[in-house]
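A.B. asks: this is the structure alone, sequence omitted:
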């Protein structure tokens, strides 16, 4: 099989991985490979893993649940997303997710346009060991809050 020189081909388990707030983010493609059009991340969310409530000013985020389930908040609506569920969050919509189950959840996350993957790489740590999630420290959370504005993210206060 011939692959176009600008194509991306990754086999299962391939990609560059980072731990972000205790969850595993594996980059399947990033903006420099898609001419900035999108990036695709496989995310494994650990039990009790969650994002803070936040708003993107630049990109849409779309999620497809592959295994497990997550509870999403989209503005004021709470949705339980199970295997096979697809969600799209446009720029300007407040959203977050949390794994309320007892097993990891795996999903795909599209960012359009690309660019936010750089945020995850900046606040995360390269994942040398893919099976042992690091604990999340207050310094990790502060790094996310401090770095977010650089990428057009607004982290919303807890209510």
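C.D. replies: Now that the structure is in, tell me what you want to look at. This is a predicted model, so every value here is computed, not measured.

A.B. asks: quickly find the element holding residue 107.
C.D. replies: When secondary structure is defined by DSSP states H and E, residue 107 falls within strand 105-112.

A.B. asks: nope, residue 120 is what I was after
C.D. replies: Going by DSSP H and E, residue 120 is in helix 117-123.

A.B. asks: tell me the helices and strands packed up against that helix.
C.D. replies: strand 16-20, strand 23-29, strand 39-45, helix 138-147 (3 or more CB pairs under 8 Å, 6 or more residues apart in numbering; DSSP states H and E). C-beta here means a position set from N, CA and C on the backbone, and glycine is covered the same way.

A.B. asks: buried set for the third one?
C.D. replies: Using 16 or more other CB atoms under 10 Å as the burial criterion, the residues of strand 39-45 that qualify are 39, 40, 41, 42, 43, 44, 45.

A.B. asks: can you add distance to residue 13 and pLDDT and give the residues you listed back as a markdown table?
C.D. replies: Shown next, in a markdown table, are the buried residues of strand 39-45 (distance: CB to CB, whole Å; pLDDT from 0 to 100):
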| residue | distance to residue 13 | pLDDT |
| --- | --- | --- |
| 39 | 19 | 97 |
| 40 | 15 | 97 |
| 41 | 15 | 98 |
| 42 | 10 | 97 |
| 43 | 15 | 97 |
| 44 | 12 | 97 |
| 45 | 18 | 97 |
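
A.B. asks: which of those residues lies closest to residue 118?
C.D. replies: residue 39 (9.1 Å; CB to CB).

A.B. asks: got the contact list for the closest one?
C.D. replies: 27, 29, 30, 31, 110, 111, 114, 115, 116, 117 (CB atoms under 8 Å, 6 or more residues apart in numbering).

A.B. asks: tell me the predicted confidence for the second one.
C.D. replies: At residue 29 the predicted local confidence, pLDDT, stands at 95.
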